[in-house]
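Trainee: Based on what follows, work out the 3D shape:
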Amino acid sequence: MEHHRVQAERPTSCVYLVRHGETAWSLSGRHTGRTDIALTGHGEDQARALRPMLATVSFDRVFVSPAGRARQTCMLAGLGDMAEEEPDLAEWDYGAYEGRRSIEIRAERSGWSVYRDGCPEGEGPAEVTLRADRLIARLRALGGSIALFSHGQIGSSLTVRWIGLPVIEGQHFVLGTAAVGVLGSNPGHADLPVISAWNLSASR
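Mentor: Numbering: from 1, shown residues only. The predicted structure is shown next:
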């Protein structure tokens with residue numbers, strides 16, 4: 001595995017990556033890219049449960065995916081007033097695979113992985129890498145404490161790009177619904193990005 005050290009422009013950047021709460025499709029494992037589905041009642045409870053955890057952080061900026069489920073999670077978690085829409089936080093575009101389960105896709109395409117193979121009529125790893133890197137560059141330039149409300153697979157892709165790994169490695173970083181990952185830097189080596197915490201959740 002090839003590791004790349006990413007040069008941090010602002011070593012004080014600390015990013016709290018929040019996946020939206022549960023939806024009917026996340027519960028059933030259906031790929032949800034551009035389809036806008038509201039949170040379930042449990043998903044709303046998960047989002048509200050984040051509020052005490054996130055209230056301990058003084059955020060400088062809050063960015064949210066254009067999808068309603070991410071905006072709803074941000075609002076219920078208590079940060080809606082600060083939210084700024086960020087298109088690069090949108091979930092993978094699953095194209096022809098939108099709404100389908102991985103097991104269904106693999107029945108037609110053995111061994112398929114979104115992180116390696118991408119989606120016909122949708123995004124591939126190169127496109128996702130481009131927008132993840134674009135967003136990371138912006139976050140590092142901003143510095144400070146930043147909250148991102150986004151999705152599962154773009155979130156894991158963003159995470160591995162934060163530490164300089166290829167998008168395929170995102171398959172090892174599963175982020176649960178309404179869970180939080182913290183992306184920061186090594187306190188002793190400020191130019192070395194690290195994953196400071198993963199899958200933090202108030203509801204588990």
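Trainee: Low-confidence stretches in this protein?
Mentor: The model of the chain has pLDDT under 70 over residues 1-12, 203-204.
Trainee: Run through the helices of it in chain order.
Mentor: For the chain, applying DSSP state H gives helices covering 24-28, 41-49, 51-54, 68-76, 102-108, 114-117, 125-142, 152-162.
Trainee: Quick one: closest of these to residue 200.
Mentor: Smallest distance to residue 200 across these (C-beta to C-beta): 7.0 Å, for helix 51-54. For every residue, glycine as well, the C-beta is placed using N, CA and C.
Trainee: Could you export that closest one as CSV, CA atoms only?
Mentor: Extracted in CSV, the C-alpha atoms of helix 51-54 (Å, rounded to 0.1, in the frame of the first residue of the first chain):
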residue,chain,number,x,y,z
ARG,A,51,-26.3,17.6,20.0
PRO,A,52,-24.5,17.2,23.5
MET,A,53,-21.4,15.8,21.8
LEU,A,54,-21.1,18.5,19.2
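Trainee: Make CSV out of the helices of the chain and add distance to residue 178 and mean neighbour count.
Mentor: Listed next are these as CSV, based on distance: least, C-beta to C-beta, whole Å; neighbours: other C-beta atoms under 10 Å:
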stretch, distance to residue 178, mean neighbour count
helix 24-28, 10, 15
helix 41-49, 3, 19
helix 51-54, 10, 14
helix 68-76, 7, 23
helix 102-108, 21, 12
helix 114-117, 21, 18
helix 125-142, 21, 17
helix 152-162, 11, 25
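Trainee: what's the distance between the spatially closest residue to residue 63 that is not a sequence neighbour and residue 194?
Mentor: Excluding the flanking residues, the one nearest residue 63 by C-beta to C-beta, 6 or more residues apart in numbering is residue 86, at 3.9 Å. Counting by C-beta to C-beta, to the nearest Å, the separation of residue 86 from residue 194 is 23 Å.
Trainee: between those two, who's got more neighbours?
Mentor: Neighbours per residue (other C-beta atoms under 10 Å) separate residue 86 from residue 194, with residue 86 holding more: 20 against 14.
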